[in-house]
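Visitor: got a predicted structure plus its sequence, pasted below:
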Amino acid sequence: MVSSLSLSSPHLHSHHHHHHHQQHRTLSPTFSLFPVRILFNSSSSPKKVASNSIRCSSNEGSPSPATARKLGVSVYKPKSYEVLVADAANSLASALDDGKTRLEIDFPPLPTSISSYKGSSDEFTDANVQLALAVVRKLQEIRETRARIVFPDKPERRRASELFKSAIDLVDGVTIGSLDDIPAGPVSSFFKSIRNTLDFDFDDENEDRWQSDKPPTLYVFICCSTRELATIETYLEKFGASTPALLFNLELETLRADLGLLGFPPKDLHYRFLSQFTPVFYIRIREYSKTVAVAPYIVNYTGALFRQYPGPWQVMLKQTDNSYACVAESETRFTLNETKEELLRVLGLKEEQGSQLEFLRRGYKTATWWEEDVDLELSSAWRN
């Protein structure tokens, strides 16, 4: 599925809205379907109780940036990656100020970002290294931070330190490491020495370039695959049990699907470890299409699940001007299916509840195992 987050737009709009309840709240504007374009009005769906409707924009005064973030946005249209990076850093700072220590940031690393996992391609890796460094620099403007960027292995770390030497030099007090830093038993040491020989892992000339006597105040894990998630857990137990840790653009939603499969870590890794990570800045874009009974018979639409800590979770619909408009919000995370349902509802494409057609389209299963198994997870932070 190809999705794009357009960043070549005018200025960032963020009109903010009010009212907070625990349950999912929805907004029902009127729509003309072709092209998909929102025409906001104040009428709310007759099926909804009045107290349940929300306004996605407010012109009453302009709240401070901190208050604004708490309220969420009615329209999100970042004009550049600088804006995205600043928003991510502000959300991260808010969460750290609130004492949160297990954090996640996830947004498309490239302007034409494909939503399927591309973590192994060099282009994605390089974009993520640069974005992680930019977020750390921005964070340092807000609060004192000594970050340690942790790569999956030494070859990956060496490549980045050669390619981005000057960028790393610009970040104050940053250190870089890899998951290979964990002291290992004789067997894995043996395999590592073989791998290092095959990899021509000669001395890394930048090995000692970014070191510090002071311990890091934030670990940032980047470019890791599903198998490496278990190693991150071990790394934190060893080096940073109480130090804040950030999983940066790992596309956890994609990686979780591999857990429990042959050759991958068990599902328990999500229940006991990944469930602790609060998404502080999250944009997950997906493209959908729906067949309808009238011409043009297929309606294509793009939506996003969006969250800017400490604001609510929001379902956003992509507009013709490439902005994303809020159509529903909630204190807790929408499942992937709920996100789609909210988009269908607001487009007027939702089937009648309980109809045969609805059942044929959706079947029994409407949630993934990690969304369903609430009772097994150690923490609900990942949903909040």
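Guide: Cool, got the structure. Since the model is a prediction, treat every value here as computed from it, not as a measurement.
Visitor: helices or strands up against the longest helix along the chain?
Guide: In the chain, with assignment by DSSP state H, the single longest helix is helix 122-142. In terms of contacts (3 or more Cβ pairs under 8 Å, 6 or more residues apart in numbering; DSSP states H and E), helix 122-142 is packed against helix 81-97, strand 147-151, helix 154-163, helix 165-169, strand 218-222, strand 245-248. Quick note: C-beta positions are derived from backbone N, CA and C, even for glycine.
Visitor: can you list the residues that contact the last one?
Guide: Contacts with strand 245-248, where a contact means Cβ atoms under 8 Å, 6 or more residues apart in numbering, come from 92, 101-105, 128, 131-132, 135, 218-222, 224, 232, 236, 277.
Visitor: ok so, going back, dump the helices and strands packed on helix 122-142 into JSON lines; add distance to Pro109 as well.
Guide: Shown next, in JSON lines, are the helices and strands packed on helix 122-142 (distance: least, Cβ to Cβ, whole Å):
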{"stretch": "helix 81-97", "distance to Pro109": "9"}
{"stretch": "strand 147-151", "distance to Pro109": "15"}
{"stretch": "helix 154-163", "distance to Pro109": "14"}
{"stretch": "helix 165-169", "distance to Pro109": "15"}
{"stretch": "strand 218-222", "distance to Pro109": "10"}
{"stretch": "strand 245-248", "distance to Pro109": "10"}
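Visitor: centroid-nearest residue for the chain?
Guide: Taking Cα atoms, centre = their mean, the centroid of the chain lies closest to Asp106, which sits 2.4 Å from it.
Visitor: hmm, back to that, among the helices and strands packed on helix 122-142, which comes closest to Val294?
Guide: helix 81-97 (38.0 Å; Cβ to Cβ).
Visitor: one step back: direction-wise, compare the longest helix of the chain with strand 147-151 and give the angle.
Guide: Helix 122-142 and strand 147-151 are oriented at 170 degrees to each other (axes from the mean of the first three to the mean of the last three Cα atoms, to 10 degrees).
Visitor: skip the chain neighbours and tell me the closest residue to Glu123.
Guide: Closest residue in space to Glu123, ignoring its immediate chain neighbours: Leu110 at 6.8 Å, by Cβ to Cβ, 6 or more residues apart in numbering.
Visitor: before we move on, the earlier item: just the buried residues of the longest helix of the chain, please?
Guide: 124-140 (16 or more other Cβ atoms under 10 Å).
Visitor: just the CA trace of that helix, in CSV.
Guide: Presented in CSV, the C-alpha positions along helix 122-142 are these (Å, rounded to 0.1, in the frame of the first residue of the first chain):
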residue,chain,number,x,y,z
ASP,A,122,19.3,1.9,3.0
GLU,A,123,17.2,4.9,2.0
PHE,A,124,14.8,4.3,5.0
THR,A,125,17.7,3.6,7.3
ASP,A,126,19.5,6.8,6.3
ALA,A,127,16.4,8.9,6.6
ASN,A,128,15.7,7.5,10.1
VAL,A,129,19.2,8.2,11.3
GLN,A,130,19.0,11.8,10.2
LEU,A,131,15.5,12.3,11.6
ALA,A,132,16.5,10.7,15.0
LEU,A,133,19.5,13.1,15.2
ALA,A,134,17.2,16.0,14.3
VAL,A,135,14.7,15.1,17.0
VAL,A,136,17.4,14.8,19.6
ARG,A,137,18.8,18.2,18.6
LYS,A,138,15.4,19.8,18.9
LEU,A,139,14.8,18.1,22.2
GLN,A,140,18.0,19.6,23.5
GLU,A,141,16.6,23.0,22.9
ILE,A,142,13.7,22.2,25.2
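Visitor: where in this structure is pLDDT low?
Guide: Low-confidence segments of the chain (pLDDT under 70): 1-66, 112-120, 185-208, 210, 351-365.
Visitor: show me the contacts for the residue nearest to the centre of the chain.
Guide: Listed by Cβ under 8 Å, 6+ apart, the contact partners of Asp106 are 249-253, 279, 281-284.
Visitor: and the gap between it and Leu305?
Guide: From Asp106 over to Leu305 the distance is 10 Å, taken as Cβ to Cβ, to the nearest Å.
Visitor: overlap in contacts of the two?
Guide: 282-284.
Visitor: among those residues, which lie within strands?
Guide: Among the shared contacts of Asp106 and Leu305, DSSP state E puts 282-284 in strands.
Visitor: for those residues, give me JSON lines that also has neighbour count.
Guide: Converted to JSON lines, these look like this (neighbours: other Cβ atoms under 10 Å):
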{"residue": "Tyr282", "neighbour count": "23"}
{"residue": "Ile283", "neighbour count": "23"}
{"residue": "Arg284", "neighbour count": "20"}
